[in-house]
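[1] Quick one: sequence plus predicted model below, questions after.
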Amino acid sequence: MNAAAAAAATTTTALLSSPYKRSTKANGQTNNVDVVAADNKMGVRGNGGGNHNVFNGGVYYGKASFLKWTLDDVMYVARYHWIPCVFAAGLLFFMYVEYTLRMVPDSSPPFDLGFVVTRSFHGALSSWPELNTLLAALNTVFVGMQTFYILWTWLIEGRPRATISALFMFTCRGILGYSTQLPLPQEFVGSGVDFPVGNVSFFLFFSGHVAGSVIASLDMRRMRRWELAWLFDTLNVLQAVRLLGTRGHYTIDLAVGVGAGILFDSLAGKYEDSKRKCALVSGTMKEGLLS
């Protein structure tokens, strides 16, 4: 065993034999901090420090210990792990809402909270066609900006991740949009200069407008183009409000569009990583054959 392998083995052994220590930085120095209490309170460590199953980022997952919590433990969790607590409260609240809410009858249009919030804006667009046309034209320009940037990163800068992400996203959108075809809202306000151009057919679920903008914004952040990313995010919010106001998308279309942009950007990154690893392995094997 060489020196590097021995050092790695020693480090691994130390980590596995000291499950109650985690490395943190304070004042520029690296110190070991005892985090047994913090992790025990979330039930992510086994009882008595044994039977640990998985080591992930300094946390050992084993048997839950929440059955032994005291009031102090509960207060600790509420203070230091408030985000999961908020989602737990949300789970309970929406369980109540779901089981007490009267479902929309099939003779009525779908209920959409975004439509309720933008009711006044929708009225303005309906009664002022010139404003609707102007905003539709601006939205089409914004879609063109997204498309231009995503293609630029591949064709000019030689970075295909955003383009691959968009290909993944629009293909999945087509599959889902065709699989469940939602009815066009009855109050839809179309425009001949909107994208898709004219009042042609389009998929409602999910919003390609929003997802494409998220993909472009994430790429800008990777390249530290902060101002451009914030500009796209702002325009994306305004775009979402306009789409709700025109009834061109349901709220769920826009929300899933954000998630889809993040998801497919991540998948495109994993795809690139897998191809790099394959190329590295192939190159290593080729060098071995030639040597």
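    Cool, got the structure.

[2] Just give me the neighbour total for Ser217.
    25 (other C-beta atoms under 10 Å). Glycine gets a C-beta too; all of them are placed from N, C-alpha and C.

[3] Check the contact between it and Leu235; I expect there is one.
    No. Judged on C-beta atoms under 8 Å, Ser217 makes no contact with Leu235 at a distance of 9.6 Å.

[4] Just read off the phi/psi values of the closest residue to Pro110 other than its chain neighbours.
    Ranked by C-beta to C-beta, 6 or more residues apart in numbering and with sequence neighbours excluded, the top spatial neighbour of Pro110 is Val104, at 6.2 Å. Per-residue torsions, Val104: phi -70, psi 130 (degrees, to the nearest 10).

[5] how far away is Val104 from Leu254?
    Using C-beta to C-beta, to the nearest Å, we find Val104 at a distance of 19 Å from Leu254.

[6] Over to Thr234?
    On the measure of C-beta to C-beta, Thr234 and Leu254 end up 15 Å apart.

[7] can you give me the strands in the protein?
    For the chain, strands defined by DSSP state E occupy the ranges 21-26, 29-34, 54-56, 59-61.

[8] And Thr234 and Leu254? Which one has more around it.
    Leu254 (22 against 10).

[9] That one reaches Arg242, doesn't it?
    No. Applying C-beta under 8 Å as the test, Leu254 and Arg242 come out as separate, 10.7 Å apart.

[10] For the stretch 151-291 of the chain, which residues score under the pLDDT cut-off?
    197-200, 286-291 (pLDDT under 70).

[11] ok, now with 80
    Where the stretch 151-291 of the chain drops to pLDDT under 80, the residues are 196-201, 282-291.

[12] Mind jotting down where the helices sit in it?
    Secondary structure of the stretch 151-291 of the chain (DSSP state H, counting those that start in this stretch): helices at 161-179, 208-222, 226-245, 251-290.

[13] Tell me which of the ones you listed is the most buried.
    helix 208-222 (a mean of 24; mean count of other C-beta atoms under 10 Å).

[14] In terms of secondary structure, what does that one contact?
    Packing partners of helix 208-222 (3 or more C-beta pairs under 8 Å, 6 or more residues apart in numbering; DSSP states H and E): helix 129-155, helix 161-179, helix 226-245, helix 251-290.

[15] can the ones you listed go into a markdown table with extra columns for distance to Val86?
    Below are the helices and strands packed on helix 208-222 laid out as a markdown table (distance: least, C-beta to C-beta, whole Å):
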| stretch | distance to Val86 |
| --- | --- |
| helix 129-155 | 33 |
| helix 161-179 | 29 |
| helix 226-245 | 23 |
| helix 251-290 | 18 |
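
[16] Quick one: closest of those to Lys68.
    helix 251-290 (36.9 Å; C-beta to C-beta).

[17] now the angle between helix 161-179 and the closest one, please.
    Interaxial angle of helix 251-290 relative to helix 161-179 (axes from the mean of the first three to the mean of the last three C-alpha atoms, to 10 degrees): 130 degrees.

[18] from the chain's centre, how far out does helix 251-290 sit?
    16 Å (C-alpha atoms, centre = their mean, to the nearest Å).

[19] which helices and strands sit right next to it?
    Checking 3+ C-beta pairs under 8 Å, 6+ apart, helix 251-290 ends up next to helix 113-117, helix 161-179, helix 208-222, helix 226-245.

[20] Skipping adjacent residues, who's closest to Ala137 in space?
    Val193 (4.6 Å).

[21] Check the spacing between the one you found and Val210 real quick.
    19 Å.

[22] go on, Ser282?
    From Ser282 to Val210 the distance is 38 Å (C-beta to C-beta).

[23] hmm, back to that, any chance of the helices and strands packed on helix 251-290 in JSON lines, with distance to Leu138 too?
    Output for the helices and strands packed on helix 251-290, formatted as JSON lines (distance: least, C-beta to C-beta, whole Å):
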{"stretch": "helix 113-117", "distance to Leu138": "20"}
{"stretch": "helix 161-179", "distance to Leu138": "21"}
{"stretch": "helix 208-222", "distance to Leu138": "12"}
{"stretch": "helix 226-245", "distance to Leu138": "8"}
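
[24] Quick check: which of these is nearest to Gly259?
    helix 208-222 (8.4 Å).

[25] Other residues contacting that closest one?
    Residues from elsewhere that reach helix 208-222, judged by C-beta atoms under 8 Å, 6 or more residues apart in numbering: 139, 142-143, 146-147, 149-150, 153, 159, 161-162, 165-166, 169-170, 173, 195, 226, 228-229, 232-233, 235-236, 239-240, 243, 249, 253-254, 257-258, 260-262, 264-265.

[26] No further queries at this time; thank you.
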